[in-house]
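# Would you be able to build a 3D model of this:
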Amino acid sequence: MRVGVVTFPGTLDDRDALRAVRIAGAEPVALWHGDDELADVQAVVLPGGFSYGDYLRAGAISRFAPVMEKVVDAANGGMPVLGICNGFQVLCETHLLPGAMIKNAHRSFICRDQPLRVENTRTAWTSDYQQDQVIRVPLKNQDGQYVSDERTLSQLEDEGRVVFRYAAGATHGPAGFESNPNGSRNDIAGVTNAAGNVVGLMPHPEHAVEAGFGPDEPGAGTRTGTDGLGVFTSVLRSLVA
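Next comes the predicted model:
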């Protein structure tokens, strides 16, 4: 199976995402923002970074990249699409996902290992997790506060479309933001579209895919660091289902 990873000017985590795809067992395919086709991939990842320098708004320029026209069409046709951090912002800007990402409530860049609770295991990107499982993956952002109008927020909650929620257990961060690192509404860390094939999240599962190199579980005595791998194995499972 072929999983594409898009690189925009200013993307930082494309190589990490390509590596995560390979470790999960798929063939990683590098896609360029100027591409006008998707190279026969079966899923797409929009990785983290600061595409186009985050000028105007984070993700606001990337939505007009030629490759995004193909990604939007493919997503609307059912192809699994994942947006991580800046990729989540791009998905919101394209309206593949509802809501918007704004500056962190504490107005500071944050970088830490972040516990997440898995709220929805029915998406293309989360089926390898257990309901309410708490995982730990790196988080790094300055525009990570998820907001939406009350009607959209209620719809997301009522339809079970909150995929990841920030959980307690972070070891450091700005005062008052120990659990919710950026002030996101309802502690939302990730959401899905109604069909479940498009998912966006702010934390970085691609940085927690190999034992010994990702976040460790406090008190466990050993470093596992693979909590993010399930995101990438889940989509492979969904493609063969």
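
# contacts and neighbour counts: CA atoms only from here.
Fine.

# what about dumping the CA coordinates of the helix or strand harbouring R237 to PDB?
Using DSSP states H and E, R237 falls within helix 229-240. The C-alpha coordinates for helix 229-240 follow below in PDB (Å, rounded to 0.1, in the frame of the first residue of the first chain):
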ATOM      1  CA  LEU A 229       2.300   4.000  15.600                       C
ATOM      2  CA  GLY A 230      -1.300   2.900  15.900                       C
ATOM      3  CA  VAL A 231      -2.400   5.900  13.800                       C
ATOM      4  CA  PHE A 232      -0.400   4.600  10.800                       C
ATOM      5  CA  THR A 233      -1.200   0.900  11.300                       C
ATOM      6  CA  SER A 234      -4.900   1.700  11.600                       C
ATOM      7  CA  VAL A 235      -5.100   3.300   8.200                       C
ATOM      8  CA  LEU A 236      -3.400   0.200   6.600                       C
ATOM      9  CA  ARG A 237      -5.900  -2.000   8.300                       C
ATOM     10  CA  SER A 238      -8.800   0.200   7.000                       C
ATOM     11  CA  LEU A 239      -7.400   0.000   3.400                       C
ATOM     12  CA  VAL A 240      -7.600  -3.800   3.400                       C
END
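
# Residues in contact with that helix: which ones?
When contacts are defined by C-alpha atoms under 8 Å, 6 or more residues apart in numbering, helix 229-240 is touched by residues 1, 20-21, 24-26, 42-43, 80, 124-129, 205-206, 208-210.

# shouldn't S127 be in contact with T121?
Yes: applying C-alpha atoms under 8 Å as the test, S127 and T121 come out as touching, 4.7 Å apart.

# quick revisit: tell me the buried residues within the contacts of helix 229-240.
For those, a neighbour count by 16 or more other C-alpha atoms under 10 Å gives the buried set as 20-21, 24, 26, 42-43, 80, 124-129, 205-206, 208-210.

# Please flag which of those residues sit within helices.
The helices, defined by DSSP state H, take in A20, V21, A24 from these.

# Check those against L12 and report the nearest one.
Nearest to L12 among those, counting by C-alpha to C-alpha, is A20 at 14.3 Å.

# which ones among the contacts of helix 229-240 are found in strands?
Those of those mapping onto strands are A43, per DSSP state E.
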